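Trainee: Build me a model:
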Amino acid sequence: MVVIGAGGFAKELLQVLLSEKYDFNEENLFFYDDVNMITEKKFFGKYTILTSLNQVKEIFKFNSPDFCLGVGMSKIRYALYRKFENIGGNLKSIISQNTSIGIFGMDIGEGVTIMNEVIIANAVKVGRGSMINVNVMIGHDSVIGDFCDISPGVIITGHCQLGSYVEIGTGVIILPGVKIGNNVDISAGSVISNDIPENSKVVGTIPSRVIEKLPPFIE
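Mentor: As a prediction, the model looks like this:
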């Protein structure tokens, strides 16, 4: 498995990857980072850090084509997914064993990352490539779009609908039945009681308000 990213979120994800649920070790777990100025060749002194696509191609060819997304930010996750899928990679979901996820009416897409202490009720759909961080709660009959980034401590109540490429800051509460369009950025601590149109930046408690229109995101 190649973890795309070797920064802060990858450090947190490592704990999930080393749990009893998975069978990773120094021989079959790699990290990739060609952006940051990394001088170490090993992640925490143990796991090889790859710094070029050619190195990744070799791992895909001779070890495994599986990769997961070890970064946040929805659009960056999507761009990296496309980049590594195009060289033969196979995007995999990473789901902590320390979660409570419904067993009825669930639809979890490929490449989803679900961290520790997440609670997801029954009849929930989570789109591909989305990241659900620690201590998030998602209520019944809710829909999460593709490549969403849900920060720690978020509460999404029942019958909510999130479009794709939605970024939700820490501690946000989304009240029942709210619909949020594609490409929306919700600031930390906001309480969302009303529907939010696509391509919006949102702040505030009740009532939350759109403070900026964002340019459309084109895949």
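Trainee: From the centroid of the chain, which residue is nearest?
Mentor: Closest residue to the average C-alpha location of the chain: residue 131 at 1.7 Å, with Cα atoms, centre = their mean.
Trainee: Wait, that one touches residue 144, no?
Mentor: No - contact criterion Cβ atoms under 8 Å: residue 131 and residue 144 do not qualify, at 10.1 Å. Bear in mind the C-beta positions are built from the backbone N, C-alpha and C, glycine included.
Trainee: Give the residues shared as contacts by those two.
Mentor: residue 150 (Cβ atoms under 8 Å, 6 or more residues apart in numbering).
Trainee: Bridged to the closest residue to the residue nearest to the centre of the chain other than its chain neighbours, which residues?
Mentor: Once flanking residues are discounted, residue 131 sits nearest to residue 113: 4.4 Å by Cβ to Cβ, 6 or more residues apart in numbering. Beta bridges link residue 113 to residue 94, residue 131, judged by DSSP bridges.
Trainee: got the end-to-end distance for stretch 169-179?
Mentor: 17 Å (Cα to Cα, to the nearest Å).
Trainee: For this protein, give me the ranges with low pLDDT.
Mentor: Counting by pLDDT under 70, the ranges of the chain that qualify are 37-40, 207-209, 211-212, 218.
Trainee: Got the domain ranges for this structure?
Mentor: 2-92, 95-213 (automatic domain parsing).
Trainee: All the helices of this protein, residue numbers only.
Mentor: Counting by DSSP state H, the chain has helices at residues 8-17, 53-62, 74-85.
Trainee: Specify the angle between the longest one and helix 53-62 in degrees.
Mentor: If I follow you right, that is helix 74-85. 60 degrees (axes from the mean of the first three to the mean of the last three Cα atoms, to 10 degrees).
Trainee: list the buried ones in helix 74-85?
Mentor: 74, 76-78, 80-81, 84 (16 or more other Cβ atoms under 10 Å).
Trainee: quick one, what contacts the nearest residue to residue 17 once chain neighbours are set aside?
Mentor: Spatial nearest neighbour of residue 17, excluding adjacent residues (Cβ to Cβ, 6+ apart): residue 24 at 5.1 Å. By Cβ under 8 Å, 6+ apart, residue 24 lies in contact with 1, 17-18.
Trainee: and if you look at residue 219?
Mentor: Contacts of residue 219 (Cβ under 8 Å, 6+ apart): residue 78.
Trainee: try 10 Å this time
Mentor: Going by Cβ atoms under 10 Å, 6 or more residues apart in numbering, residue 219 touches 75, 78-79, 82, 146-147, 164-165.
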